[in-house]
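Give me the fold of what follows.
(2 chains)
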Amino acid sequence: MKNIKVSIRMPFFRIFSKGFKIAIRQKKKNFAMIFIFVILSATMIISLTNLQKYETDQLVNFRGIVIDFNRSFIRANDSYDFLLGLLGLVKEKIRGFYVVYEFKVETISVITIYKFEGKGLDSEIPWVLDPFKKSKIIAGRYIISDNEAIAHTGFNIKSNVSGVIVTNYFGVGSEISFKRDGDVLKLKIVGLVNSSTEEFKSFASENESILLVNPKAFDDLVRRVFRESTTIDRSPDVRLRRIIITIDGEPLSGRLFATRNEIFTKIQNYISSNGIVADVKVGAIAQEAYFRDLAFFIIVLAFILVLTVIYAYIIIKAMHFDIATLRAIGWSGRDVITLVFGQLVFIFFVGWLIGLFSSLAYYAVLVIPILSAEPFLGSILVIIVAMLVSYGIIKRRVLRIPPMEAFRRG
Amino acid sequence: MSLREVADFIIELIDVKKDYKETSGAIHTALRNITLRIRRGEFVIIVGPSGAGKTTLLNIMAGMDLPTEGQVIFDKRNFSDLSEEERTEIRRQKIGFIFQFFNLINSMTVLENVMAPLLPDENLSEKEIKERALEALSVVGLIEKSERMPNELSGGEQQRVAIARAIVIQPEVIFADEPIAQLDEENARKVITILTEYNRRKKATIILATASRELAENLKPYATKIIYIDRGKIVQYLERVGGGWRTVK
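Numbering: from 1, shown residues only, chains lettered A, B, ... in the order given. Now for the predicted structure:
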């Protein structure tokens, strides 16, 4: 077998780090540029977060149609054919068909979000049920495995002890055991949401204590502990409380909004033709709002790229004779590019890093939860693109400065 | 010409012509019919008024520019047959430069400036580069100012740093373009002393361009060739022979 020799050119690192050093030394000169990058990086992260909300925190408002059954308790087994018919009507144009099922255990309502007939995306589940969505969590985290549950503030279990009602309150870390004969289901509360009782009423019974679990734990509870013989979507003891449909389609072209309206009308007709009393709501976010946020992001992106180009030109112009001198004394074009690029990378990197902390500070001050790292990763991607653009300009310009220019200084 | 003499040449220019296209489109001939041979260890002075073609000649001899016609042979290699990278490599290994306006990188310390020519060298560690730079600075008497920035130094000191940067690679040839034009008398003397000493001790070839006939006369005791050029042509070519001077042209 041949040995593959990987050699990293050491001079690259020392020249690159020299570029970093020069940028640090010239911090006063670079201050304005770093400051602008801080503002732009922070603004970019915030605008990316705004865009990301359309697929997370605002998903239901953006792509969703919600059907609530209010007080008309519908058993899962009774609703199965209704749901199949509805899914068949819309499935070509939707991303997800999520059903909220409820199973009552005394004073507790255990609920789950179920991808009906497997139609849906796991990534959408944490965002489709408003009172339990990820952004509503005030302590702990979202469910990531079986036997975990999310409760709400004030979640309690009442028990009768010698005629005295005892109320036990539960928080993050508490464990609840459902035991029947020899079968036990243990659920650990991993997150707490701060939603009001009113928000739960539309999809849970009058019970004041509601637990959200994943379908596996729900199935365990219904079929193993309570020995239900059918699947949960056909169980007579499981109740259908809400349907959330997310529409597929591209928002930029307006297709999403057209499809959303079309399906909304179809659903209304289908429900009334089946004689069911339900409240159907369509997402309120309009195309203009999405465009506004997208345009803002594009403007910030354009600013970053334009600034990158301008700064690359400025730095090359300022270093014109230095570049010529270095080339005269034997630096290759690649060596000079590395030095100049090192300076630019420092400015971008410091600007981005401070911008990142500024955006984190912004969210902390306004007490806005950070939903995911994606906007931050996205901002790195933008900075990498900006660096590549600047690299291209530097390469082009540096190679056009002949070493003999060194003699023309003065 | 004997074989031994041929082997001693570090630079040969054979019938070199250099044309430039001006912005108006007209062709300007900066050098014409330049033929000269420089042996290792020589001290060559190129004298000529401003615009005579001295700098163009240095550019051509150092491989920074190629002649329009003729050949430039550096250490037996024809520059016209080499790529830009190969010519750069030759400069990095064999040629030191001293510029009229010092050309120090103001964002680098004195030590970093002197280290600069060695930084792209794959065979040297940073420690070795630093040691060699400090050694070069000690030759020019500026070791104590190694951490200063160039703009904190006087003109004379800056030019001595530039000399340290030129000699740090232990070059075979040093090109000095008007090296003392910006200096006072005392500093000019120091710079000339360093260059002549370096030429004597290290047997390095020095090619010095100046507009000053007076400087050329003063340097005559050290020089082996004095070439007067005007309007791109060699108008007088003197070569030391034994204790006297021979007019080649």
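
C-alpha from now on. contacts and neighbour counts both.
Noted.

Show me which residues of chain B sit near chain A.
B:55, B:59, B:64-65, B:85, B:88-93, B:95-97, B:99-101, B:103-105, B:107-108, B:116-117, B:119-122, B:126, B:177 (Cα under 8 Å from any Cα of the partner chain).

what about residue B:42, distance to residue B:166?
Per Cα to Cα, to the nearest Å, residue B:42 is found 17 Å from residue B:166.

ok, the residue positioned nearest the centre of chain B - contacts?
Nearest to the geometric centre of chain B sits residue B:175, at 0.1 Å (Cα atoms, centre = their mean). Residue B:175 makes contact with B:58, B:62, B:95-98, B:206-209, according to Cα atoms under 8 Å, 6 or more residues apart in numbering or on different chains.

So it lies in a helix, does it not?
No: applying DSSP: H, G, I helix; E, B strand; the rest coil, one finds residue B:175 to be strand, outside a helix.

Show the pLDDT at the residue of chain A found nearest chain B.
The minimum distance from chain A to chain B, using Cα to the nearest Cα, falls at residue A:330 (3.8 Å). Residue A:330 is assigned 93 on the pLDDT scale.

check contacts around residue A:344.
By Cα under 8 Å, 6+ apart, the residues touching residue A:344 are A:23, A:312, A:387, A:390.

pLDDT at the residue of chain B found nearest chain A, what is it?
Closest contact between chain B and chain A, by Cα to the nearest Cα, is at residue B:92 (3.8 Å). Residue B:92 carries a pLDDT score of 95 in this model.

Checking it next. Helix, strand or coil?
Residue B:92 is classified as helix under three-state DSSP.

higher neighbour count, residue B:42 and residue B:166?
residue B:166 (26 against 21; other Cα atoms under 10 Å in any protein chain shown).

tell me the strands in chain A, going along the chain?
A:64-68, A:74-75, A:94-105, A:108-115, A:137-140, A:148-152, A:156-161, A:164-169, A:175-180, A:183-193, A:209-213, A:239-247, A:279-282 (DSSP state E).

Let's have the ones you listed in JSON lines, adding mean pLDDT.
As requested, the strands of chain A are exported to JSON lines (pLDDT from 0 to 100):
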{"stretch": "strand A:64-68", "mean pLDDT": "93"}
{"stretch": "strand A:74-75", "mean pLDDT": "83"}
{"stretch": "strand A:94-105", "mean pLDDT": "93"}
{"stretch": "strand A:108-115", "mean pLDDT": "93"}
{"stretch": "strand A:137-140", "mean pLDDT": "92"}
{"stretch": "strand A:148-152", "mean pLDDT": "94"}
{"stretch": "strand A:156-161", "mean pLDDT": "84"}
{"stretch": "strand A:164-169", "mean pLDDT": "87"}
{"stretch": "strand A:175-180", "mean pLDDT": "90"}
{"stretch": "strand A:183-193", "mean pLDDT": "93"}
{"stretch": "strand A:209-213", "mean pLDDT": "92"}
{"stretch": "strand A:239-247", "mean pLDDT": "93"}
{"stretch": "strand A:279-282", "mean pLDDT": "92"}
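
To residue A:226, which of those strands lies closest?
strand A:175-180 (7.2 Å; Cα to Cα).

What are the contacting residues of the closest one?
Outside strand A:175-180, the residues within contact range by Cα under 8 Å, 6+ apart are A:184-189, A:221, A:225-226.

hang on, isn't the residue of chain B closest to chain A packed against residue B:117?
Yes: counting by Cα atoms under 8 Å, residue B:92 does reach residue B:117; the two are 6.5 Å apart.

Out of those two, name the residue with the larger neighbour count.
residue B:117 (26 against 23).

Next, count neighbours for the closest residue to the more buried one other than its chain neighbours.
Closest residue to residue B:117 apart from its sequence neighbours, by Cα to Cα, 6 or more residues apart in numbering or on different chains: residue A:329 at 6.0 Å. Number of residues near residue A:329 (other Cα under 10 Å) recorded here: 27.

Residue A:329 contacts residue B:95, doesn't it?
Yes: between residue A:329 and residue B:95 a contact is recorded at 7.5 Å, counting by Cα under 8 Å.

Let me see the contact set for residue 41.
As the question left the chain open, I've gone with chain A. By Cα under 8 Å, 6+ apart, residue A:41 lies in contact with A:351-352, A:355-356, A:379.

think we crossed wires, I meant chain B
If a contact means Cα under 8 Å, 6+ apart, then residue B:41 has B:172, B:199-200, B:203-206 as its contacts.

and with 10 Å instead?
Counting by Cα atoms under 10 Å, 6 or more residues apart in numbering or on different chains, residue B:41 touches B:8-10, B:172-173, B:198-206, B:224.

residues contacting residue A:159?
A:107, A:165-168 are the contacts of residue A:159 under Cα under 10 Å, 6+ apart.

hmm, try it at 6 Å
Counting by Cα atoms under 6 Å, 6 or more residues apart in numbering or on different chains, residue A:159 touches A:165-166.
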